[in-house]
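Undergrad: This is the structure alone, sequence omitted:
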């Protein structure tokens, strides 16, 4: 397990490399990132954001890592991310000019680094995801919610305008009506409601264990899903995600085919495809 933090006691992001069941000869793994700041229930601070940026740089440079799962430490009960660090936000509010914008953008850098990750990313949400915690989940490709998950915008109640790209990310997933309900009426969602609204892919039932080192059902499910990418060639995983992002903005079918044809041909010429084909032939 690897940790990156501003100091030994402060906010940190722990990294664990998890091999998929069955594995592969190339040793692909999933990087399980755990946000950890128990005193503030993993609230998003500048230090935690910096740690997340640093960890993601390490993960992306590590050829063994084919997928990323993000969750929150549950030292004092389930918690994904309890919003922004209010003391830091208050300090930013007292800062004038360009310094204030630079300070708040530094907090958002963690979300942006997660959103820009070329590997598939999955949020495994146990407990509250408040304000900035929703941003953290939205920055991933896939969101799973445990039974204790709760998505609480909280901005209006605190007199804070939404930030971190929340208005844009939420509308893309759940539409304008639900976005306005969340941000302007304080509509919170439990795991079932988030599943119905499309904020998460699905709810994963089961109790969060209290024994140290034991994974919750939603983290276990996220790792199972990520294991499919961990068993596949890393370059294939990266190019597939890149194609999904590129074709998202297209309106013409033929253009999408043009985006995919190059990487598909390259994959058909790969050793991984030849090996898979040979395995299938032996089983038939």
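TA: That came through fine. As the structure is a prediction and not an experimental result, all values here were calculated from the model.
Undergrad: When you work out contacts or count neighbours from here on, use the C-alpha atoms and nothing else.
TA: Will do.
Undergrad: All the strands of the stretch 1-150 of the chain, in order from the start?
TA: 2-5, 12-18, 29-36, 65-72, 121-125, 128-130, 142-146, 150-152 (DSSP state E, counting those that start in this stretch).
Undergrad: what's around residue 49, how many residues?
TA: Residues near residue 49, counting by other CA atoms under 10 Å, number 25.
Undergrad: Just confirm it contacts residue 108, I think it does.
TA: Yes - between residue 49 and residue 108 there is a contact at 7.1 Å, judged by CA atoms under 8 Å.
Undergrad: domain ranges for this structure?
TA: As given by automatic domain parsing, the domain ranges for the chain are 2-231, 234-283.
Undergrad: Just send the ones you listed back as CSV, with mean pLDDT too.
TA: Shown next, in CSV, are the domains of the chain (pLDDT from 0 to 100):
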stretch, mean pLDDT
domain 2-231, 90
domain 234-283, 94
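Undergrad: so of these, which one's packed in deepest?
TA: Compared across these, domain 2-231 shows the largest average neighbour count, a mean of 19 (mean count of other CA atoms under 10 Å).
Undergrad: quick check, distance from it to the centre of its chain.
TA: Relative to its parent chain, domain 2-231 has a centroid offset of 5 Å by CA atoms, centre = their mean, to the nearest Å.
Undergrad: helices and strands around the host helix or strand of residue 257, which ones?
TA: Using DSSP states H and E, residue 257 maps to helix 253-268. Applying 3 or more CA pairs under 8 Å, 6 or more residues apart in numbering; DSSP states H and E, one finds that helix 253-268 makes contact with helix 234-247.
Undergrad: got a list of contacts for the helix it packs on?
TA: 28, 63, 65-66, 118-120, 229, 256, 259-260, 263, 267 (CA atoms under 8 Å, 6 or more residues apart in numbering).
Undergrad: Residue 197: which of the residues you listed is nearest?
TA: residue 120 (22.1 Å; CA to CA).
Undergrad: Might one say that the closest one is in contact with residue 65?
TA: No - using CA under 8 Å, residue 120 is not in contact with residue 65, being 10.3 Å away.
Undergrad: What is the subsequent helix or strand relative to the host helix or strand of residue 178?
TA: Under the criterion of DSSP H and E, residue 178 resides in helix 166-184. Helices and strands here follow DSSP H and E; after helix 166-184, the next one along the chain is strand 189-190.
Undergrad: can I assume residue 188 is in contact with residue 180?
TA: No - counting by CA under 8 Å, residue 188 sits too far from residue 180 to count as a contact (11.6 Å).
Undergrad: So residue 273 versus residue 116, what's the distance?
TA: According to CA to CA, to the nearest Å, residue 273 stands 28 Å off from residue 116.
Undergrad: just to revisit the earlier point, compile the contacts of helix 234-247 into TSV and extend it with columns for distance to residue 141.
TA: Shown next, in TSV, are the contacts of helix 234-247 (distance: CA to CA, whole Å):
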residue	distance to residue 141
28	19
63	20
65	16
66	14
118	10
119	9
120	6
229	13
256	20
259	20
260	20
263	21
267	23
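Undergrad: show me the contacts for the residue nearest to residue 64 when sequence neighbours are not counted.
TA: Leaving out its chain neighbours, the residue that sits closest to residue 64 by CA to CA, 6 or more residues apart in numbering is residue 28, at 4.8 Å. For residue 28, the contact set (CA under 8 Å, 6+ apart) comprises 19-20, 63-66, 230-234.
Undergrad: Now render the residues you listed as JSON lines, adding distance to residue 169.
TA: Below are those laid out as JSON lines (distance: CA to CA, whole Å):
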{"residue": "19", "distance to residue 169": "31"}
{"residue": "20", "distance to residue 169": "30"}
{"residue": "63", "distance to residue 169": "29"}
{"residue": "64", "distance to residue 169": "30"}
{"residue": "65", "distance to residue 169": "26"}
{"residue": "66", "distance to residue 169": "24"}
{"residue": "230", "distance to residue 169": "27"}
{"residue": "231", "distance to residue 169": "30"}
{"residue": "232", "distance to residue 169": "29"}
{"residue": "233", "distance to residue 169": "29"}
{"residue": "234", "distance to residue 169": "27"}
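Undergrad: Okay then, goodbye and thanks.
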